[in-house]
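>>> can't give you the sequence, but here's the structure:
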């Protein structure tokens, strides 16, 4: 039986996860290696709603890696890279607040794959948009005066050529 690690979210929810799943996070991995995991690991920056999503992501990726290594000789079994990619694509189809919370959690927990996935999702939301469209997408108020905006456009003209 795999060793279980207890994670405690900022709002007090307790998650029992397999060590391999917890170790997807470099932050948690270092705590485990430093013997700081015996009484559970408090995660003051991660709510239970987001931690549940993070655990789901880590589980899926640990399972995918495990089925990949055990199916090297039996081609065809296990989770294909395409299946995992499409699972990832579905995983980040969430509202903006959740996406940004996932980025913060992935950064705090140091889960590179999740951080790359969530940041790429935001980059894709920005790509090809005008500053006005980006402001609208992310609900950002334009605090430039028309003069300041004109100056910024002039200074960065090369980017629009």
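Now that the structure is in, tell me what you want to look at. Note that this is a predicted model, so its numbers are computed, not measured.
>>> OK, contacts around the residue nearest to the spatial centre of the chain?
Nearest to the geometric centre of the chain sits residue 114, at 3.4 Å (Cα atoms, centre = their mean). Contact analysis of residue 114 by Cβ atoms under 8 Å, 6 or more residues apart in numbering lists 54, 57, 58, 102, 105, 106. Where C-beta positions appear, they are placed from N, C-alpha and C, glycine not excepted.
>>> For the protein, which segments are assigned as helices?
19-22, 26-33, 48-70, 81-91, 96-109, 112-126, 131-138, 146-155 (DSSP state H).
>>> Derive a ChimeraX selection command for the buried subset of the contacts of residue 114.
This is how ChimeraX selects the buried members of the contacts of residue 114, with burial counted by 16 or more other Cβ atoms under 10 Å:
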select :54,57,58,102,105,106
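>>> wait, which of the contacts of residue 114 is closest to residue 45?
residue 105 (7.1 Å; Cβ to Cβ).
>>> From residue 98, how far out is the closest one?
Counting by Cβ to Cβ, to the nearest Å, the gap between residue 105 and residue 98 amounts to 10 Å.
>>> likewise residue 63?
Distance, residue 63 to residue 98, by Cβ to Cβ: 22 Å.
>>> and what of residue 1?
33 Å.
>>> Same check on residue 48?
Separation of residue 48 from residue 98 (Cβ to Cβ): 13 Å.
>>> in the chain, which ranges drop under the pLDDT threshold?
Within the chain, the ranges that satisfy pLDDT under 70 run 70-78.
>>> Run a quick neighbour tally on the nearest residue to residue 140 once chain neighbours are set aside.
Of all residues beyond its chain neighbours, the one nearest residue 140 is residue 134 (7.1 Å), with distances taken as Cβ to Cβ, 6 or more residues apart in numbering. For residue 134, the neighbour count with other Cβ atoms under 10 Å is 13.
>>> please begin residue numbering at 412 from this point
In the new numbering, first residue 412, that becomes residue 545.
>>> Test my guess that residue 545 contacts residue 553.
No - at 10.3 Å, residue 545 and residue 553 do not qualify as touching, with contact defined as Cβ atoms under 8 Å.
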